[in-house]
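> Below: sequence and its predicted model.
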Amino acid sequence: MLARLKDWARLIRRDVVALWLAARDPRVPFWIKMLAALVAAYALSPIDLIPDFIPVLGYLDEIILLPLAILGLVKLIDPAIMAEHRAAALKIAEKPASRSGGLLIVLIWIATAGWLLWLFWPGGAR
């Protein structure tokens, strides 16, 4: 059972990268591109909207909501296009991970959090 779970997680990870690639494909409709980019960015981001230390809800997004969103978006994209991006995602997975890419994502989340604090802090944005 553990091996099946690991295989499933590997397939989900591959589909996340494939969705990221599909979000940049001109053959994919615009609204699906936007959803795919948002889901892929959230899945690849080291920061969660619901922190993992919150009992039950912390893992709800990673275990249930995120895989459902990924599977739903995969169904919306043409199977031939998705197969092409899955093959490209497998090639990307063979390359080493980029620490600078991870740092960039963390900096974007920090900047977004700072902007939201400035925007909604009493007396912030006037």
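Arrived safely.
> Heading C-terminal from the lowest-mean-pLDDT helix or strand in the chain, find the next helix or strand.
Here the helix or strand of the chain ranked lowest by mean pLDDT, DSSP states H and E is helix 57-60, holding a mean of 78. Going down the chain from helix 57-60, the next helix or strand is helix 66-76, by DSSP states H and E.
> quick one: buried residues of that next one?
Within helix 66-76, the residues scored as buried using 16 or more other Cβ atoms under 10 Å are 66-67, 69-70, 73-74. Backbone N, C-alpha and C define where each C-beta goes, glycine included.
> Which neighbouring elements make contact with it?
Contacts defined by 3 or more Cβ pairs under 8 Å, 6 or more residues apart in numbering; DSSP states H and E place helix 66-76 against helix 2-22, helix 30-44.
> Residues in contact with that helix: which ones?
The contact list for helix 66-76 (Cβ atoms under 8 Å, 6 or more residues apart in numbering) reads 12, 15-16, 18-19, 32, 35-36, 39, 42-43, 82.
> Lovely, talk soon.
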